[in-house]
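**Student:** Pasted the sequence and its predicted model underneath.
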Amino acid sequence: MTNITEPPSSLPTTVPRASTPPSKQDERAWWAVRQHAVRTSLVLAAVPTAVSITVALVAQVAFPDADPMTGRLAAVLLLAAAVCRIVARARAWPAIGATGNASWSRPGLLAVPALVAVSPLVTGLDLPTPGVLVVLAVGYAATGIFEEIWYRGVILDTLRSSGVGRSAVIGGALFAAGHLANIAFGQPVAVTLAQSVGAFCCGIGFAILRWRTNAVWLLAGIHAVGDLLLHITNLHGAALWGFLVGHDTIILLWGLWCLRRGITDVTSDPSTGCRTTSDPDRPHGSTPQEEKRGSYTVIDRVPTPAEHRALANAVGWQDGFRWEAMPASLAASCCGVVVADLDGSVVAMGRVVGDGAFFFYLQDIAVHPDHQGQGLGRRVTRRLLENVNELAGGDAFVGLFATERAAALYRREGFDDASDLTGRWRILR
């Protein structure tokens, strides 16, 4: 039972959530490697930490009587300039979510962290001298730019294939570890450790918000304003520590809420069932039911050729299809499912091919890298199986090709490994 429409073996037919391969290496920044993403992110996090410690040591030797704040300012200005230069040379501003508002998605989610950032104002201002105020403003602006572009931009882009949740945890841990360099600038160890715990919580929340909003510049602004207000308001002593704990807790909880916003399931138009229309450029069914609630809407229809190609390119399948044949291929599908986000963009897809009666194969299940880790791959798979059950009206054979990494997902959905059978396929030229 060979399916000659399968993509080449280097491009998996079905994709597990949070493990979609990236696009071609030459279309991605150099840090977005195909393998060893976690190791690469560790190196990327270690470099600025090493730079900070080096600057601190040099400043102590060259200017032993200088205020440690001077060395910290020099280090963060150097790092902010360096990361901007690195991203600019790689032309990777879109990849790290650092472009204009045209690319933002649901920026309203940042209202909560923005309110938390400005909340110290309720205690009143306690402004330093104009010179110190300028230094603080410049320093915290540079800190926001560096930390958001590097940790929420470059490092998260490196971890993209790990999915939203896992990349957020790893990114938060690396962000926390980076704060340990403050010890080199004379900050007490106990204070630094407490700061690192807070950075871990805040780092997870900010990482999730970066994936959800694609607005790194807004995060940098919120970050900078929040840090500055902590130093120019009347928050001191126990009140300051209480606020910091509350701030980091709120950001973490808000991020987790944004991560787990619900998926709404919908059914197709009962007059059309789950089969595609004859026009592959038109969505399945004339009036499919759609319910806009939560982050995603699951819709019973085959993706259009444009949607299929966009997702295929996003997950690295751009060489896996004969594109001129795809309109006819999609039109011949038994049924399909797409998942749309709040903006209506299709971020996940899957379809079924076969004879429409007994033999069915799951095909082209893909989730956009920016939306992995949300259970979309599992939801698409389950909905496709429900549709096959309706089509067959009885027992049916359902097969698929899966990578080793995807095997666990499909085992959980009831797909067995056939010990007495070996799958075979070929491409006809």
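**Tutor:** That came in fine, so what should we check first? Numbers count the residues shown, from 1 in each chain.

**Student:** Please tell me how far residue 338 sits from residue 198.
**Tutor:** The gap separating residue 338 from residue 198 is 40 Å, by Cβ to Cβ, to the nearest Å. (C-beta placed from N, C-alpha, C; glycine too.)

**Student:** wait, I meant residue 317
**Tutor:** 41 Å.

**Student:** the more surrounded of the two?
**Tutor:** Remark: of residue 317 and residue 198, residue 317 carries more neighbours, 24 against 20, as counted by other Cβ atoms under 10 Å.

**Student:** surely residue 304 meets residue 330?
**Tutor:** Yes. Between residue 304 and residue 330 there is a contact under Cβ atoms under 8 Å: 7.5 Å.

**Student:** Format the CA atom coordinates belonging to the helix or strand harbouring residue 222 as PDB.
**Tutor:** According to DSSP states H and E, residue 222 maps onto helix 216-232. Output of helix 216-232 as PDB, limited to C-alpha atoms (Å, rounded to 0.1, in the frame of the first residue of the first chain):
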ATOM      1  CA  VAL A 216      10.000  42.500  20.800                       C
ATOM      2  CA  TRP A 217      10.300  46.300  20.700                       C
ATOM      3  CA  LEU A 218       7.200  46.700  22.800                       C
ATOM      4  CA  LEU A 219       8.600  44.300  25.300                       C
ATOM      5  CA  ALA A 220      11.900  46.200  25.400                       C
ATOM      6  CA  GLY A 221      10.000  49.400  26.100                       C
ATOM      7  CA  ILE A 222       8.000  47.800  28.900                       C
ATOM      8  CA  HIS A 223      11.200  46.300  30.300                       C
ATOM      9  CA  ALA A 224      13.100  49.600  30.300                       C
ATOM     10  CA  VAL A 225      10.300  51.700  31.800                       C
ATOM     11  CA  GLY A 226       9.700  49.100  34.500                       C
ATOM     12  CA  ASP A 227      13.400  49.000  35.500                       C
ATOM     13  CA  LEU A 228      13.700  52.800  35.500                       C
ATOM     14  CA  LEU A 229      10.600  53.400  37.600                       C
ATOM     15  CA  LEU A 230      11.900  51.100  40.300                       C
ATOM     16  CA  HIS A 231      14.800  53.500  40.800                       C
ATOM     17  CA  ILE A 232      13.000  56.900  40.600                       C
END
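
**Student:** what pLDDT, on average, does that helix get?
**Tutor:** Taken as a whole, helix 216-232 has a mean pLDDT of 95.

**Student:** Same check on stretch 422-429?
**Tutor:** Here stretch 422-429 scores 73 as its mean pLDDT.

**Student:** quick check, distance from it to the centre of its chain.
**Tutor:** Mean C-alpha position of stretch 422-429 versus that of the full chain (Cα atoms, centre = their mean, to the nearest Å) differs by 34 Å.

**Student:** got the CA positions of it in CSV?
**Tutor:** Extracted in CSV, the C-alpha atoms of stretch 422-429 (Å, rounded to 0.1, in the frame of the first residue of the first chain):
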residue,chain,number,x,y,z
THR,A,422,7.6,-2.7,6.7
GLY,A,423,6.5,0.5,5.0
ARG,A,424,7.7,1.2,1.5
TRP,A,425,7.4,4.2,-0.8
ARG,A,426,8.9,5.7,-3.9
ILE,A,427,8.8,8.9,-6.0
LEU,A,428,7.7,8.4,-9.6
ARG,A,429,9.7,10.6,-12.0
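
**Student:** Can you pull the domain assignment for this protein?
**Tutor:** Using automatic domain parsing, the domain parsing of the chain gives 25-259, 263-412.

**Student:** Columns distance to residue 423 on top of the ones you listed, output as a markdown table?
**Tutor:** Shown next, in a markdown table, are those (distance: least, Cβ to Cβ, whole Å):
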| stretch | distance to residue 423 |
| --- | --- |
| domain 25-259 | 24 |
| domain 263-412 | 7 |
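
**Student:** Going by mean pLDDT, which of those domains comes out lowest?
**Tutor:** For those, the weakest mean pLDDT is recorded on domain 263-412, namely a mean of 76.

**Student:** now the strands: where do they sit in the stretch 1-150 of the chain?
**Tutor:** Counting by DSSP state E, counting those that start in this stretch, the stretch 1-150 of the chain has no strands to list.

**Student:** which stretches of it form helices?
**Tutor:** For the stretch 1-150 of the chain, applying DSSP state H, counting those that start in this stretch gives helices covering 37-62, 68-90, 111-118, 130-147.

**Student:** Dump those helices into a markdown table; add mean neighbour count and distance to residue 181 as well.
**Tutor:** Shown next, in a markdown table, are those (neighbours: other Cβ atoms under 10 Å; distance: least, Cβ to Cβ, whole Å):
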| stretch | mean neighbour count | distance to residue 181 |
| --- | --- | --- |
| helix 37-62 | 16 | 4 |
| helix 68-90 | 17 | 8 |
| helix 111-118 | 17 | 23 |
| helix 130-147 | 18 | 12 |
